[in-house]
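**Q** Turn this into a structure:
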Amino acid sequence: MTTGTPSDVMTIREMCESYNVTPRTLRFYEAKELLHPIRIGTRRLFTRRDRARLVLILRGKRFGFSLEDIRQTLDLYDRDGGVTAQRQRAFELAVKRLAEMEAQRAELDLAIAELKAELAEAEAKGLVPRHAA
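**A** Numbering: from 1, shown residues only. Sure, this is the predicted structure:
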């Protein structure tokens, strides 16, 4: 259990409550070598490092990065001994992902406009009753 200092470990329950994730999610990220909790018997104790990595994992997932991209980015910190390479890789991934998201949005905007036109045409021809706006 935690005593309130930043260097303390957190149990799986505390992690779930603090980061709004499930135990299954934490075990999955551990199996994918994204998190490396201390194992004492069947207990998992998550360090400050694990917590920082989880924040980055959750942010990466929210932005649509693959787990492999996230893992490689996180591993740069350990391999290169700092955040410079990690930040550069994250920036490159973010630029690429933003371009993908903008392309998806453009495709979605086009599909919405086409569907609205189809619905308006069907209503204009009297094929369906007018919908309430």
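**Q** How far away from the center of its chain is the lengthiest helix in the chain?
**A** Across the chain, the longest stretch assigned as helix under DSSP state H is helix 83-124. Helix 83-124 sits 17 Å away from the centroid of its parent chain (Cα atoms, centre = their mean, to the nearest Å).
**Q** excluding its backbone neighbours, what's nearest I38?
**A** Once flanking residues are discounted, I38 sits nearest to L45: 4.3 Å by Cβ to Cβ, 6 or more residues apart in numbering. For the C-beta atoms, the positions are set from N, CA and C on the backbone; glycine is no exception.
**Q** following the helix or strand encompassing that neighbour, which helix or strand comes up?
**A** Take DSSP states H and E as the rule and L45 turns out to sit in strand 43-46. Sequence order places helix 48-62 as the next helix or strand after strand 43-46, per DSSP H and E.
**Q** Taking the centroid of this structure, which residue is nearest it?
**A** K61 (1.4 Å; Cα atoms, centre = their mean).
**Q** so how far is L127 from the residue nearest to it when sequence neighbours are not counted?
**A** Nearest residue to K61 in three dimensions, chain neighbours excluded: I70, at 7.3 Å (Cβ to Cβ, 6+ apart). Going from I70 to L127 by Cβ to Cβ, to the nearest Å gives 48 Å.
**Q** which of these two has more neighbours?
**A** I70 (23 against 8; other Cβ atoms under 10 Å).
**Q** which residues touch that one?
**A** L34, L56, I57, G60, K61 (Cβ atoms under 8 Å, 6 or more residues apart in numbering).
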